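# Using only what follows, build the 3D model:
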Amino acid sequence: MAKASTLIMTMSLLIILLLYTVSLIWRRWLALSYANSKPPLPLESLPEGTLTINQAILSGDPLLESRLEANLDNLPGQNFLWLIDEDDAEALRIAGKQKRPQIRVVLCPPCPDATNPKLWKLQIASRLVQTPFFAVIDDDTSLSAASASALVEAARTSTVATGLPCYQNGQNLASCLLGQFVNNNSIFTYLGTSRLLSPFTLNGMGYVMRREELDRIQHFHPILHELTDDFALATLVLKLGGSINQSQAPLYVQTGVRDMKHYFQMMHRWNVFTLLLLKGQSIPVQLLIFVLHGLPPMLLGFSFLLLAVVSWQILLIILCFYFILVSSLRSPLITVLLSSLALLTLMWIRGEPTSCLLLIVMLLRRSSLASIQRMFFCVSRHQPLMSLFSELIQPLHLSHALFSRTISWRMRRYWVRDTNDFSAV
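Below is the predicted model of the structure:
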């Protein structure tokens, strides 16, 4: 009986690993296929005065000042509207240190209850723009000159053009985990999904519109009471007969995640928003999104769980192998000793081919993610161990979002009942 149970679990592990591998290859192909269908990114810089970068600023992030300065340095010939709450003394202090002529600081009155604070600021800014193009960039996001040119070019033939988030590695565990989540998923989520479905949402971290499109969307007024500003704008654009252009232009994000509590708050908020987004889609679309993005972390987690049930010692050995193979060890002596240990242990587990397959799948995953990040971000930001851990705990974040709808957003807390039904706590 014990042998039969072990055999069943071993075969189940084999099937799960094969499904995960097929999913990885399929998602990679979808992203590359979509990217190949788009024109190459333009190389020319924007003429001066082409773009107004609108940033709804809220203090609380220790990296806020450096991220704002990065955009000023990247786009010296463009205009900036910094939208700051009247009572945000820290944001006003940071803005006061900048004396560059292209900056206009706009003090925004308090946001009413049941109103999206970001959209509240953007509807004020939308009537002040004088340039041909209007950009919305989060205050933790930097826009390079090349990405700005690409988004403007994409916005010439669509209602709104959005970019591809790339998280720059943080300095602590929480920041690294958040960064690996973004970099693990952004290419597959935004580009891969767009290969099968016309874009029905956009990346709120950064997007560009022509100025005349602001009149078309009534300067954000129809969606002021929607919680998920990016999905709400995308829905409004499509409802009015417009189009969304999902560009491969990278947007570089870096948020100062203070600690693990802050990390869990951010992941909880993002997962709640994802569930709200899916709620408005048809059943077939929900199933497709689940297969593309929800199922792979579950498959990977089940494979680890099944191997642990078969033999937790072998699972630990596989993880040690993975660590040895992906780590850069500077000491030749330690490298020789660990490699020798790996060879001896490999001989010991040679009778467990499925466990060896898990190691192969993990290495294939690492290679695939690192190479596709180099293609779109020009550099791999893949951290093998953090990336693996980040994917394994995604089902926990999703479960948390299913059972708790009170989110934390910077210094505010909201009880979320629906996209247009929320209140401050």
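
# residues near the residue nearest to P109 when sequence neighbours are not counted, how many?
With Cβ to Cβ, 6 or more residues apart in numbering as the measure, E86 is the residue that lies nearest to P109, at 6.2 Å, once sequence neighbours are left out. Backbone N, C-alpha and C define where each C-beta goes, glycine included. Number of residues near E86 (other Cβ atoms under 10 Å) recorded here: 10.

# S158 too?
For S158, the neighbour count with other Cβ under 10 Å is 20.

# And what about it, helix, strand or coil?
Secondary structure state of S158, per DSSP: H, G, I helix; E, B strand; the rest coil, is coil.

# Parallel or antiparallel, list what pairs with the helix or strand containing A135.
Per DSSP states H and E: A135 is located in strand 133-137. Strand pairing for strand 133-137, using DSSP bridges, gives strand 51-57 (parallel), strand 206-210 (antiparallel).

# got the contact list for the residue lying closest to Q254 once chain neighbours are set aside?
In space, Q254 comes closest to Q168 once its chain neighbours are excluded; the distance is 4.3 Å by Cβ to Cβ, 6+ apart. If you count contacts by Cβ atoms under 8 Å, 6 or more residues apart in numbering, Q168 has them with G179, Y252, V253, Q254, R381.

# what's the angle between the top strand by length along the chain and strand 133-137?
Counting by DSSP state E, the longest strand found in the chain is strand 244-253. Counting by axes from the mean of the first three to the mean of the last three Cα atoms, to 10 degrees, strand 244-253 points 50 degrees away from the direction of strand 133-137.

# for the record, mean pLDDT for strand 244-253?
Mean pLDDT, strand 244-253: 93.

# Against which helices or strands is the helix or strand A31 falls within packed?
Assigned by DSSP H and E, A31 belongs to helix 2-36. Where contact means 3 or more Cβ pairs under 8 Å, 6 or more residues apart in numbering; DSSP states H and E, helix 2-36 is packed against helix 193-196, helix 295-326, helix 353-377.

# Show me the least confident stretch of those, going by mean pLDDT.
Ranked by mean pLDDT, the helices and strands packed on helix 2-36 bottom out at helix 295-326, with a mean of 82.

# can you pull the contacts of the residue lying closest to Y34 once chain neighbours are set aside?
Nearest residue to Y34, sequence neighbours excluded (Cβ to Cβ, 6+ apart): R195, at 3.9 Å. For R195, the contacting residues are L30, A31, S33, Y34, S37, by Cβ under 8 Å, 6+ apart.

# from those residues, which is closest to F389?
A31 (22.8 Å; Cβ to Cβ).

# returning to that earlier point: go through the strands paired with strand 133-137 and name the closest to T406.
The closest of the strands paired with strand 133-137 to T406 is strand 51-57. By Cβ to Cβ, the value is 22.3 Å.

# Can you tell me the SS state at the residue nearest the centre of the chain?
Geometric centre of the chain, nearest residue: V182, 3.5 Å, by Cα atoms, centre = their mean. Following three-state DSSP, the label given to V182 is helix.

# who's in contact with it?
Listed by Cβ under 8 Å, 6+ apart, the contact set of V182 reads P165, C166, Y167, V253.

# Pick the one among those residues closest to Q55.
Nearest member of those to Q55, counting by Cβ to Cβ, is V253, at 13.2 Å.

# Neighbours of the closest one, how many?
22.

# Name whatever forms a beta bridge with it.
T141, Y167.

# Tell me who's in contact with it.
V253 neighbours (Cβ under 8 Å, 6+ apart): D138, D140, T141, S142, P165, C166, Y167, Q168, V182, M205.

# With adjacent residues omitted, what lies nearest to the fifth one?
The shortest distance from P165 to any residue other than its chain neighbours is 4.8 Å, reached at S186 (Cβ to Cβ, 6+ apart).

# tell me the pLDDT at that neighbour?
94.

# ok, it - how many residues close by?
Residues lying near S186 (other Cβ under 10 Å) number 25.

# tell me which residues of the helix or strand encompassing it are tucked away?
Using DSSP H and E, S186 falls within helix 173-186. Taking 16 or more other Cβ atoms under 10 Å as the neighbour-count basis, helix 173-186 is seen to contain the buried residues 174-186.

# do stretch 365-378 as well
Buried residues in stretch 365-378, counting neighbours by 16+ other Cβ under 10 Å, are found at R365, R366, S368, L369, A370, I372, Q373, F376, F377.

# Tell me which residues are up against it.
Residues external to stretch 365-378 that are found in contact with it (Cβ under 8 Å, 6+ apart): 24-25, 28, 31-32, 35, 164, 166, 183-184, 187, 191, 248, 250, 326, 379-382, 384, 387-388.

# Where neighbours are concerned, which of the contacts of R195 has the most?
A31 leads those on contacts (other Cβ under 10 Å) with 25 neighbours.

# can you pull the contacts of it?
By Cβ under 8 Å, 6+ apart, the residues touching A31 are I187, F188, L191, G192, R195, I372.

# Point out where this structure drops to low pLDDT.
Scanning the chain for pLDDT under 70 picks out 1-6, 327-354, 409-411, 420-424.

# Between the two ends of stretch 130-150, how far is it?
Separation of the first and last residues of stretch 130-150 by Cα to Cα, to the nearest Å is 20 Å.

# Could you shift the numbering so residue one becomes 596, and keep it that way?
Done: numbering now begins at 596, and the last item shifts to stretch 725-745.

# so how far is that stretch from its chain's centroid?
Stretch 725-745 has its C-alpha centroid displaced from the chain centroid by 17 Å (Cα atoms, centre = their mean, to the nearest Å).

# SS state for P637?
Under three-state DSSP, the three-state class of P637 is coil.

# Let me know whether it touches A743 as I believe.
No - using Cβ atoms under 8 Å, P637 is not in contact with A743, being 10.0 Å away.

# who's more crowded, these two?
A743 (27 against 16).

# didn't that one look like it was pressed against P671?
No - assessed by Cβ under 8 Å, A743 is found out of contact with P671, at 11.5 Å.

# Roughly how far does the residue nearest to L828 when sequence neighbours are not counted sit from A750?
Leaving aside its sequence neighbours, L828 sits nearest to I818 (Cβ to Cβ, 6+ apart; 6.3 Å). From I818 across to A750, the span is 19 Å (Cβ to Cβ, to the nearest Å).
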